[in-house]
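Predicted model, plus sequence, below.
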Amino acid sequence: MMRIYADNAATTKMSNTAIQAMLPYMAEIYGNPSSLYTIGQEAKEALENARARVAKCIGAEPREIIFTSGGSEADNQAIVSAAKSGERRGKKHIISTAFEHHAVLHTLKKLEKEQGFEVTLLDVHANGIVTAEEVANAIREDTCLVTVMFANNEIGTVQPIAEIGAVCREKGVLFHTDAVQAAGHTTIDVKAQNIDMLSISAHKFHGPKGAGVLYAKKGIPLVNLIEGGAQERGKRAGTENVPAIMGLAAALEEATANIAAYEAKMIPLRDRLIAGLSEIPYGELNGDREHRLPGTVNFCFEGIEGESLLLLLDDKGVSASSGSACTSGSLDPSHVLLAIGRPHEVAHGSLRLSFGEDVTVEEIDYTIEAVKEVVAYLRGMSPFWRDLESGKRPHIFAK
Ligand SMILES: *Cc1c(COP(=O)(O)O)cnc(C)c1O
């Protein structure tokens, strides 16, 4: 049986380059970067070198890079920092979107509940995209932050980040973007795209888990979430995870250098997958057809329960997801699918397939066939589907 990993949006396999970059910092150069003797200073040098390389990948300066434990921490720190500096100026309004990652949404909820901030969540429409104009219209005198994700982790749609950034810059409002799905998958340039703060996570681009980056443009005051030593310019205490940071830098460099080749290979395969899955009756692609990541596809199918679909696909060797890894295991439908207007009953029947660059055309075709078979099988057993077929319930999608 084929074994196909189609859940790269949840996490990725580490690249050999990343693993090799980490090994010396576990086995030999294991010193604490704050220590003054040679292996401490060697680790420090490697750390600063990694910082410069990461900065270069996103068009930033080394001192604008803070290493964190991942994307969630970077999102939390960016939002809390912007909120604090807004509060000092009497500005307690934040703009975001309804389909952000929970690391953003839950942080915003907490500011609302515990600190009296007001949060506007913009509509992302049926195509999963928010426009710069809508952001501009929502900005008020008291807005201190706009946070809009670069690319959505469930449906893969890519937002007009440079335009949103330009609007924020013009109005003097800080702009943060959760770029965890974008980094290494599409070009990031914080200067050209007018980004003030940005979050990325190594394990989404073939680096190790538990390592991320917060980029904060120089001059932006940061609040630290973890108190302790003076690591990371006093903005993030704790002995630096040097091996993971070396893996992060190597993986980001490798992925960034390969973006053109990645897109050239992945886009036709993604489109082949979309075309194949579109042959399934009463199903629909979620999110814009064009403005999407090269590797992520998400469909809703009527009369299907997502969990059963995933389990049967796993039996056929396909590891997929029905949305976010964080909500699987809960029976709530995806907040992302509800945000793009999918009714509850189809939001439960979603399938996310996210491929990595080692995928083959045979694997794509095998996956299409596997999904077709499993959807037909599940519908054959579903009383709900019988009601749809007999006209007792109306269909939501066209055939
Ligand atoms: C995975 C992910 C995160 C969380 O990153 P971690 O490193 O796992 O904490 C945040 N935002 C998005 C869009 C993600 O896909």
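Happy to help now that I have it.

C-alpha from now on. contacts and neighbour counts both.
OK.

okay, now the nearest residue to S354 once chain neighbours are set aside: neighbour count?
For S354, ignoring the flanking residues on the chain, the nearest one in space by CA to CA, 6 or more residues apart in numbering is T296 at 4.3 Å. Counted by other CA atoms under 10 Å, the residues lying close to T296 total 26.

What's opposite the closest residue to the ligand within the stretch 201-350 of the chain in the beta bridge?
Taking CA to the nearest ligand atom as the measure, the point where the stretch 201-350 of the chain comes nearest the ligand is S201, at 4.5 Å. S201 forms beta bridges with G212, as assigned by DSSP bridges.

what's near enough to touch it?
G70, G71, V180, K209, G210, A211, G212, V213 (CA atoms under 8 Å, 6 or more residues apart in numbering).

now it: how far from I66?
Separation of S201 from I66 (CA to CA, to the nearest Å) stands at 12 Å.

Common neighbours of these two, please.
V213.

And the pLDDT at N153?
On the pLDDT scale, N153 is placed at 97.

Spell out which residues of the stretch 1-150 of the chain are next to the ligand.
Neighbours of the ligand within the stretch 1-150 of the chain, by CA under 6 Å from any ligand atom: G70, G71, S72, H101, A103.

so the second one touches Y215, yeah?
The one in question is G71. No. In this structure, G71 is not within contact of Y215 by CA atoms under 8 Å, at 11.2 Å.

Between those two, which contacts overlap?
S199.

what bits of the stretch 201-350 of the chain have low per-residue confidence?
323-331 (pLDDT under 70).

Out of the residues of the stretch 1-150 of the chain next to the ligand, which comes closest to I245?
G70 (10.5 Å; CA to CA).

pretty sure that closest one contacts G210?
Yes. With contact defined as CA under 8 Å, G70 reaches G210; the gap is 5.2 Å.

Which one's more surrounded, these two?
A side-by-side neighbour count of G70 and G210, using other CA under 10 Å, places G70 first with 22 against 18.

which residues does that one contact?
I200, S201, A202, K209, G210, A211, G212, V213.

try 6 Å this time
G70 sits next to S201, G210, A211, G212 when contact means CA atoms under 6 Å, 6 or more residues apart in numbering.

Widest-spaced pair of those?
The span of those, defined through CA to CA, is set by S201 and G210 at 7.9 Å.

where does the spatially most central residue of the chain land in three-state SS?
Centroid-nearest residue in the chain, with CA atoms, centre = their mean: Q181, separated by 3.2 Å. Secondary structure, DSSP: H, G, I helix; E, B strand; the rest coil: Q181 is coil.

Relative to E253, how far out is it?
From Q181 to E253 the distance is 16 Å (CA to CA).

and if you look at C144?
Where E253 is concerned, C144 sits at a distance of 33 Å (CA to CA).

Looking at the two, which one has more neighbours?
Counted by other CA under 10 Å, C144 and E253 do not tie: C144 has more neighbours, with 25 against 20.

Could you report the neighbour count for the closest residue to that one other than its chain neighbours?
Take C144 and drop its neighbours on the chain: the residue closest to it by CA to CA, 6+ apart is G86, 5.0 Å away. Residues contacting G86 under the criterion other CA under 10 Å number 20.

Check which helix or strand G86 maps to.
helix 71-88 (DSSP states H and E).

Pretty sure G283 sits against C300.
Yes. Assessed by CA atoms under 6 Å, G283 is found in contact with C300 at 5.5 Å.

of the two, who's got more company?
A direct count of neighbours by other CA under 10 Å for G283 and C300 places C300 higher, at 25 against 22.

Assumed that one was part of a strand.
Yes. According to three-state DSSP, C300 belongs to a strand.

what's it in contact with, if anything?
Contacts of C300 by CA under 6 Å, 6+ apart are G283, E284, V346, G349, S350.

If you drop the residues flanking it in sequence, what lies closest to it?
Using CA to CA, 6+ apart, the closest residue to C300 is S350 (4.2 Å).

For the closest residue to K204 other than its chain neighbours, the count of nearby residues, please.
Of all residues not flanking K204 in the chain, T11 sits nearest, at 5.2 Å (CA to CA, 6+ apart). Using other CA under 10 Å, T11 has 19 other residues around it.

Where does T11 fall, secondary structure wise?
Using DSSP H and E, T11 falls outside every helix and strand.

Got phi/psi on it?
The phi/psi pair for T11 (degrees, to the nearest 10) reads phi -170, psi 160.

Find me the pLDDT at the residue nearest to C144, would you?
G86 is given a pLDDT of 98.

State the distance from it to the ligand.
23 Å (CA to the nearest ligand atom, to the nearest Å).

Please settle this for me: is W385 part of a helix?
Yes. The assignment for W385, made by three-state DSSP, places it in a helix.

Now for it: which residues touch it?
With CA under 6 Å, 6+ apart, W385 has these contacts: G303, R379.

For V374, see how far away it is.
From W385 to V374 the distance is 14 Å (CA to CA).

Quick check on I280: phi, psi?
When read as degrees, to the nearest 10, the backbone of I280 gives phi -70, psi 120.

Pull the number of nearby residues for it.
With other CA under 10 Å as criterion, I280 counts 17.

same thing with G287?
Neighbours of G287 under the rule other CA under 10 Å: 25.

can you map out the helices along the stretch 251-399 of the chain?
Ranges of helices within the stretch 251-399 of the chain are 259-278, 306-315, 335-339, 344-347, 361-381, 383-389, based on DSSP state H, counting those that start in this stretch.
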